[in-house]
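fold the following, please.
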Amino acid sequence: MLTRLFNSRFIRDAQKLVSGAVIAQLIALLISPVLTRLFTPQDFGVFSLLLSAIAITTVFSSLRLDLVIPKVESRLKAINMFQGIVILSIFVAVIALIIIALFKTQISNTTETLKHAESTLFVFPLLIIANGIFLGIRAYSIREGRFDKLGKAQILKACAMAVFWLAIGFVIHQSPPGLILAGGHALGQFLFLFYLLCYTSPAESKRLSHFEKSKISAAIQSEQSLISSVAASQLISAIHQRLPMICIAILFDPVFAGYYALAERVVTSPAQMACLAIADVFRQRAAKMHNSQQSFVSLQTKTIMLAAGLAIPVFSAAVIIVPQNIGFLFGSEWQAATSTIAIVLVSSGCAFVSETISGTAVILNAKKYILAWHTFRLLSISSVCLYAFITNAGYETFIILIAICKILAYVIDAIAMTRISRSHSYAAKEI
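Numbers count the residues shown, from 1 in each chain. Below you'll find the model as predicted:
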C-alpha cells in the first residue's frame, strides 16, 4: 500500500507544491537570523498585527470565493469568481484607506504595539488588494492543476520578499515599525500573481481581463448558499486564528507580541505552507472525484497518512532542537521566546495533519458543519482570552491554554471529516 501511495499521481502533484513550499520556507528561515537582527520585536509585532487584520478583512474582500473556485466545474465560472475577488478587494481597500486617513491616530493608540506605526497603517489597503488577488489566482491555478507553476511561484515570492527585506533593512536603519516587512510581503504577493498570469493561455488572459458585471454576479449567485456558509465560517475562523495575537498585543508587553510573531514566522507559517500544498492537491483531486460521483475516502486516507508521516519525525526533531538554539539563531534579545516556540511547535504539528483534509466539508457541501465547527473553535479560544483578561493570567499560561484548545479542536475536526466523507453516498462506486 505504501508503495502505491508514494508512486501515485497525487503524491507527484503534492511533491511539486510541497517542494516549492519547502524551498520557499527554507529561504524564509535562512534569512530569519538576519531579519531578527535588522528588525525589532515591535517590527515583527506590528507586521503580525497587520497580517491578523488582513486575515479577517480577507473574508469581506474576497467572500472566500477562493475556496469555492477549485470546486466549480466550469472554467468560465471560475474566472468570473476570480474577477469578483479583484473587484471586492479594490472596493474594500478604498474603504480601508479612507478609515485610516481619518482615524490613524486613534487606531495607532489602541495598543502599545501599534504606537508610532501610523505610517505603516497606510500599507494596509495595499495588502488587502495584494492578498485578495493572490488568493484568487492561486485558487484558479489549483483548479487548473498547475501545481508545478504554483511551486515555482512560491519560491519567487519568497526570494522577492527576502531581497526586499534585506536590501532595505541594511540601507534604512530607522523606519516606522513594521513598514519594511509589510511592504516586502505585498511585493512578494504581486510577483506571485504576475508569474502565474504569464503562464495563462491567450484565451484565458483575454477572459481574465474582460470583466462582465452580469456574468460575475451570476457566477456568485449560482453558488450563493455555499459561499454564504463558507464566508461566515471563514470570518469566524479568521477571528479565531488571529485572536491570540490580538489579545497578546492588548494584554501583555509589546515584546511578547514580537515573540509570538517570531514563533508564527519560524513555525506556524512553514507548517501551514507545506500543509496547504498537500491540502491544495487533495482539494483539486477530491473535487474532481466528487463531481464524477466517486467517493474520495481512499484519497483522504492517503492524505492523512502522508501528512502524519511527514509531521511526526519533523516536528518531534524540531521540538528537541529549535528551542535550545533560539538565542544563537536569532540573537540574544530573542532568547526569551524559547518557551513560546516550543509550545507553538506542538500545536502546529497537530494542525499539519488535520488541515490537509479540511477541504472535505466544502466539497461535500456540509454547510451546517462548517459553521458549527468554526463557531466551536472561536468560542474555545475566546474563553481562554476572557479567562486571561479576568484573572490576569501570565503570558506562558495563556499560550499553553491556547495550544491545548487548538490541539483538541484539530483532533475533533480530523475525526469529523473522516466520518462525513464515509457517510456520504454516491451513485457510482469508489474507484
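
quick check: phi and psi at Gly331.
Dihedral pair for Gly331: phi 110, psi 150, per degrees, to the nearest 10.

wait, Val94 sits on Pro125?
Yes - using C-beta atoms under 8 Å, Val94 is in contact with Pro125, at 7.2 Å. Placement of C-beta: from N, CA and C, glycine included.

extract the residue ranges of the protein that are flagged as low pLDDT.
Scanning the chain for pLDDT under 70 picks out the ranges 1-18, 425-431.

which helix is the longest one in it?
Counting by DSSP state H, the longest helix found in the chain is helix 75-108.

tell me the first helix or strand C-terminal of that helix.
The helix or strand immediately downstream of helix 75-108 is helix 118-121, counting by DSSP states H and E.

for that next one, enumerate the helices and strands it packs against.
helix 75-108, helix 179-197 (3 or more C-beta pairs under 8 Å, 6 or more residues apart in numbering; DSSP states H and E).

if we go to 10 Å?
Helices and strands touching helix 118-121, by 3 or more C-beta pairs under 10 Å, 6 or more residues apart in numbering; DSSP states H and E, are helix 41-62, helix 75-108, helix 179-197.

what's in contact with it?
With C-beta atoms under 10 Å, 6 or more residues apart in numbering as the test, helix 118-121 has contacts from 43, 46-47, 49-50, 53, 96-97, 99-101, 103-105, 107-109, 114, 175-183.

buried set for that helix?
Within helix 118-121, the residues that count as buried by 16 or more other C-beta atoms under 10 Å are 118, 120-121.

ChimeraX command to pick out the buried ones of the contacts of helix 118-121?
To isolate the buried subset of the contacts of helix 118-121 in ChimeraX, counting by 16+ other C-beta under 10 Å, use the following:
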select :43,46,47,49,50,53,96,97,100,104,107,108,114,175,176,177,178,179,180,181,182,183
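
show me which of the buried residues of helix 118-121 is closest to Asp253.
Closest approach to Asp253 among the buried residues of helix 118-121 (C-beta to C-beta): Thr120, at 19.6 Å.

for the closest one, give its distance to Leu208.
Using C-beta to C-beta, to the nearest Å, Thr120 is found at 32 Å from Leu208.

of Val94 and Pro125, who's got more company?
A count of neighbours by other C-beta atoms under 10 Å puts Pro125 above the other of Val94 and Pro125, at 22 against 13.

make sure the more buried one is actually in contact with Ala96.
Yes - Pro125 is within contact range of Ala96, at 4.7 Å (criterion: C-beta atoms under 10 Å).

what sits in contact with each of those two?
Joint contacts of Pro125 and Ala96 (C-beta under 10 Å, 6+ apart) are Thr57.

report the separation between Phe252 and Ile54.
22 Å.

now do Leu251
In terms of C-beta to C-beta, Leu251 sits 22 Å off from Ile54.

comparing the two, which residue is more hemmed in?
Neighbour count, other C-beta under 10 Å: between Leu251 and Ile54, Ile54 has more, with 22 against 17.

distance check, that one against Ala182.
9 Å.

which residues do those two both contact?
What both Ile54 and Ala182 touch, as defined by C-beta under 10 Å, 6+ apart, is the set 124, 127.

residues touching the residue nearest to Asn109 when sequence neighbours are not counted, list them.
Nearest non-adjacent residue to Asn109, counting by C-beta to C-beta, 6 or more residues apart in numbering: Lys115, 6.9 Å away. Residues in contact with Lys115 (C-beta under 10 Å, 6+ apart) are 42, 46, 108-109, 177, 254.
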